[in-house]
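Asks: can you look at this prediction? I've put the sequence above it.
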Amino acid sequence: MYVSVIKPVMDFILALFLLVLFSPLLLIVYILIALKGNGNPIFYQERPGLHEKPFKIIKFKTMTDEKGADGNLLPDEARLTSLGRIIRKTSIDELPQLINVLKGDISLIGPRPLVMRYLPRYNKEQARRHNVKPGITGWAQVNGRDAISWNEKFSLDIYYVDHVSFGLDLKIFFKTIILVLLGKDESPANSDIMEEWYGN
């Protein structure tokens, strides 16, 4: 009842409220990125959602489209802008995903939606992270984020899948707010780019 009915309704109402609340900030960040001349300030990427159904995630663009002599994009580390680094550190780049919540693609809380190329790399247990809607923040994000190993992240994701409840969501929600307000970065130094995961 909670996952199928109450949680989606709460997601929609809260996401709409947060979009209105943060609309001035969203507009300012949009303009700043546009002034930097990095193309469209909004970044879209296909990610796996509930039951691995693809959707396009919406985020603020934090990297340039610079390419090397071979015509391929430069490494992420080389394309991350100074403004993008700040936006990521403050998690502002995640705010446009509130639109994804309104569309029903994701929830406010759930396992983070990773890239599509990881799908064949999951084992049967890890793939269970897609048994619930992905989220903007999740149990792994408030328990170490990038400071923990991939296996630890997936274990925390599966814990959430098996124990999802209003109480757990509330705990994650308020813990996320505290971490953001305190500016606490639980990731290792200079880890603005998530390392690639190649499977077990």
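Replies: The structure has been received and is ready for your questions. Residues are numbered from 1 along each chain as shown.

Asks: quick one: the helices in this structure, in order.
Replies: 7-35, 76-79, 82-89, 97-103, 150-163, 166-182 (DSSP state H).

Asks: in the shortest one, what's buried?
Replies: What that stands for is helix 76-79. Residues residue 79 are the ones in helix 76-79 that count as buried (16 or more other C-beta atoms under 10 Å). Where you see a C-beta, it was placed from the backbone N, CA and C, and this is true even at glycine.

Asks: and it, how far from the chain's centre?
Replies: How far helix 76-79 lies from its chain's middle: 19 Å, per C-alpha atoms, centre = their mean, to the nearest Å.

Asks: next, count neighbours for residue 59.
Replies: 18 (other C-beta atoms under 10 Å).

Asks: quick one: contacts for it?
Replies: 42-43, 45, 93-94, 96-97 (C-beta atoms under 8 Å, 6 or more residues apart in numbering).

Asks: buried subset of those?
Replies: The buried subset of those - by 16+ other C-beta under 10 Å - is 43, 93-94, 96-97.

Asks: in a markdown table, list those residues along with distance to residue 15 and pLDDT.
Replies: As requested, the buried ones among the contacts of residue 59 are arranged in a markdown table below (distance: C-beta to C-beta, whole Å; pLDDT from 0 to 100):
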| residue | distance to residue 15 | pLDDT |
| --- | --- | --- |
| 43 | 19 | 90 |
| 93 | 16 | 92 |
| 94 | 12 | 92 |
| 96 | 11 | 96 |
| 97 | 9 | 97 |
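
Asks: for the spatially most central residue of the chain, which non-adjacent residue is spatially closest?
Replies: Centroid check for the chain by C-alpha atoms, centre = their mean gives residue 136 as the closest residue, at 4.7 Å. Excluding the flanking residues, the one nearest residue 136 by C-beta to C-beta, 6 or more residues apart in numbering is residue 97, at 5.0 Å.

Asks: my guess is that neighbour meets residue 55, correct?
Replies: No - using C-beta atoms under 8 Å, residue 97 makes no contact with residue 55, being 10.7 Å away.

Asks: what do the two both touch?
Replies: Counting by C-beta under 8 Å, 6+ apart, the residues touching both residue 97 and residue 55 are residue 106.
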